[in-house]
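Undergrad: Structure for the following, please:
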Amino acid sequence: MSAELGALVPAWDRLPASAPDRPRLRVEPLRRVELDELLIDDDDLPQLEGATVFWAWTDADGFAVRAVRIRDAVATPYRVRAARLVLRRPDPNLVRLLGIDPHDPPPTVRLQGDPRPMETPPRHLACLCRLTDAGRVHRAIEEGWRTVDALKRATGATFGECQGRRCVPGLAARLDRSPADPGGSITPRPPLVPVPASVLAAFAGDGGAEDGGPTEGLGLAAPRPAG
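TA: I've put the predicted structure just below:
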């Protein structure tokens, strides 16, 4: 995929999964990079061959990022540390994952431009990835689910490849909330985009609880509706 075409493809479609009709993915050794300032454009790293970010967190030294570039069945994984971030066309999920207030970012973060425009689901659907029916969401609201995170667990919406980027605004609107409100968005959890398991394996043993990297499983028990 060319850089020009990649810029048009949403982040969750940039890392092709393995398939019977595709060559087996060859994963190169992990590359560790340290930068004073890291540019993330949407979810890509122009400084590192357009690698796509799928994991990020803050630590005492600044920011840690995990990313991968996949071209011609070759995956190049990156572990990046940076003192400062520039987020161009900032992905709202990445911003929330890092705990950044978009209205008052810290001195080490610069936000540039608006997020990538997203496709809007048709009225009869609440989630494009999972094809969740809008009626199912309305029934969940009537049953007492009052936040977007709660609707996510009650209906399965936002669990797809885009991880809520296309459907969270519509779910928030059905609750008369704004996606900027705490109850109008989901709690983002890594990986930010689907990643082949062989790529994740390349990061085994590379950081974790000792440096702020998440280590716990991502499964969550479904909560009960507010009484």
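Undergrad: going forward, measure contacts between C-alpha atoms and count neighbours the same way
TA: Noted.
Undergrad: Could you list the low-pLDDT ranges of the chain?
TA: Across the chain, the ranges flagged by pLDDT under 70 are 1-8, 16-22, 207-227.
Undergrad: Nearest residue to the middle of it?
TA: Nearest to the geometric centre of the chain sits Leu192, at 2.5 Å (CA atoms, centre = their mean).
Undergrad: Can you tell me the closest non-neighbouring residue to that one?
TA: Phe54 (4.6 Å; CA to CA, 6 or more residues apart in numbering).
Undergrad: Am I right that that neighbour sits in a helix?
TA: No: going by DSSP: H, G, I helix; E, B strand; the rest coil, the assignment for Phe54 is strand, not a helix.
Undergrad: and it, how many residues sit next to it?
TA: 23 (other CA atoms under 10 Å).
Undergrad: Surely it is in contact with Arg66?
TA: Yes: using CA atoms under 8 Å, Phe54 is in contact with Arg66, at 6.1 Å.
Undergrad: Run a quick neighbour tally on Ala204.
TA: 9.
Undergrad: quick one: it is in a strand?
TA: No: Ala204: not assigned to a strand; according to three-state DSSP it is coil.
Undergrad: What ranges does the protein have for its strands?
TA: 26-27, 31-41, 44-45, 51-59, 62-71, 74-88, 109-112, 125-127, 132-133 (DSSP state E).
Undergrad: For the fifth one, buried residues please.
TA: Spelled out, it's strand 62-71. By neighbour count on 16 or more other CA atoms under 10 Å, the buried set for strand 62-71 is Gly62, Phe63, Ala64, Val65, Arg66, Ala67, Val68, Arg69, Ile70.
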